[in-house]
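Engineer: Sequence first, then the predicted structure, then my questions.
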Amino acid sequence: MVHTEVDKSDNNRKNLHNGILKRKMIEPNKLRQQVVQTKAKPGYTSTRLPPLKTRKLPEVKEPKSSETLDDKRSFVPESFRWLIAKRKFERAEKLINFVANVNRVPKPDLKSLFATAMKETITTSKPTAGYTIFTLWSSKELRIVTLALSAVWFAISITWYSIALGMESISVDIFWTMFLINLVDVPAFSVTGPLLNRFGRRKYCFVTFAASSILCCVSGVFQHFDKLSQNSASLTVTALVLSLLAKMTVTAADTAVIVYTAELYPTDVRTTGCGFQGTVGRLGAIAAPLLVHLDGIYPGSMYFTCGMLLFLSTGSILRLKETKDDILQDSVINTLDPGDG
């Protein structure tokens, strides 16, 4: 009896096992078809996706070239020399044709110029090289230019702002004095351009810096004796006239230095060099109020200090080369000596 029940239980297990094995297994592909063919219930949106092979990716529009964008958003054309240095010959040709039409002159033949520029840029330039402020110290020539111009920019900036801010100490009427300070800038701006083209950048800067130095020192002498004589009318007017003349020559020198700086640096680092010298000039502007305060304690000291700084900067100008009628350099490579890296 016991054996019979055990046999029945064994038979039940075998039948259950056989039944599981005999069940129909659904293949994966058929299962996917059943899921896809299932209809969505009313009120629901079907989220069925098409097969990967037939799925289309969204089209990506190509961005416009930087040249087209630059032409549309800029009113001032790009530098012709910079376009040549960067091998943007098509834009350079459009620019030179526009200039020729405006000036009503014949259009030049640029084929030989482009061919020469292509050879020079292939052998001397590095299109992927990045130029920083450290490039201004990469060669002996650039180091001399940067150091000399730094002394010039600091001296001219501290003098210009000191005279503009400290003129009140020798003024007869503050309102007339402020009017005259700005009035003397008009002839300085007007004559600088023609005189630069007539005598050259180096000579004009040297003369204006030397004249400003002498006028500042003489004005400081008259201001000192004016305070000792308890504001003599004749000495006050003389010191005011000399200060206005000094302001005019300093403005002329400042305008010339801006042009001179841009021509001394190669095209690759021209904006970097001008920006660096502008920063040095702002340091001089920051120091100017200190000289104005010193002039209130020791009359004439501000003009003496500015005159000495301008005198020392004339020596820096002599270290620079003349750029009038000279071919400007396009690449930093041209400034490197054989021993430079």
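Structural biologist: Thanks, I have the structure now.

Engineer: Verify the stated contact: Val332 with Tyr131.
Structural biologist: Yes. Between Val332 and Tyr131 there is a contact under Cβ atoms under 8 Å: 6.8 Å. Where you see a C-beta, it was placed from the backbone N, CA and C, and this is true even at glycine.

Engineer: Please enumerate the shared neighbours of these two.
Structural biologist: Applying Cβ atoms under 8 Å, 6 or more residues apart in numbering, one finds that Val332 and Tyr131 are jointly contacted by 268-269.

Engineer: Could you check which of these two has the larger neighbour count?
Structural biologist: Val332 (23 against 17; other Cβ atoms under 10 Å).

Engineer: nearest spatial neighbour of the more buried one, skipping sequence neighbours?
Structural biologist: Of all residues beyond its chain neighbours, the one nearest Val332 is Asp268 (4.9 Å), with distances taken as Cβ to Cβ, 6 or more residues apart in numbering.

Engineer: same thing with Leu320?
Structural biologist: Ala148 (5.5 Å).

Engineer: For that neighbour, give its distance to Lys227.
Structural biologist: 36 Å (Cβ to Cβ, to the nearest Å).

Engineer: repeat for Leu136
Structural biologist: Distance of Leu136 to Lys227, given as Cβ to Cβ: 43 Å.

Engineer: Neighbour count for these two, which is higher?
Structural biologist: Set side by side, Leu136 and Lys227 show more neighbours around Leu136, with 22 against 17, by other Cβ under 10 Å.

Engineer: which ones are touching Asp226?
Structural biologist: Asp226 neighbours (Cβ under 8 Å, 6+ apart): 170, 232, 235-236, 239, 299.

Engineer: Need the max-distance pair from those.
Structural biologist: Spatially, the most separated pair among those is Ser232 and Pro299, at 12.8 Å (Cβ to Cβ).

Engineer: who has more neighbours, these two?
Structural biologist: Using other Cβ under 10 Å as the criterion, Ser232 and Pro299 rank with Pro299 on top: 19 against 15.

Engineer: and the more buried one, what are its phi and psi?
Structural biologist: phi -60, psi 130 (degrees, to the nearest 10).

Engineer: From Ile333, how far out is Phe114?
Structural biologist: 20 Å.

Engineer: follow-up on the earlier one: what helix or strand is the residue nearest to Leu320 on?
Structural biologist: Element membership for Ala148, per DSSP states H and E: helix 140-166.

Engineer: what about the longest helix in this structure?
Structural biologist: For the chain, the helix that runs over the most residues, judged by DSSP state H, is helix 233-264.

Engineer: what's the angle from it to helix 140-166?
Structural biologist: Between helix 233-264 and helix 140-166, the angle comes out at 150 degrees (axes from the mean of the first three to the mean of the last three Cα atoms, to 10 degrees).

Engineer: circling back to that earlier point, enumerate the positions of the helix holding Ala148 that are buried.
Structural biologist: 141-142, 145-146, 148-166 (16 or more other Cβ atoms under 10 Å).

Engineer: Also stretch 184-191?
Structural biologist: 184-185, 188.

Engineer: Once you drop chain neighbours, what's closest to Ile84?
Structural biologist: The shortest distance from Ile84 to any non-neighbouring residue, by Cβ to Cβ, 6+ apart, is to Ala117 (4.8 Å).
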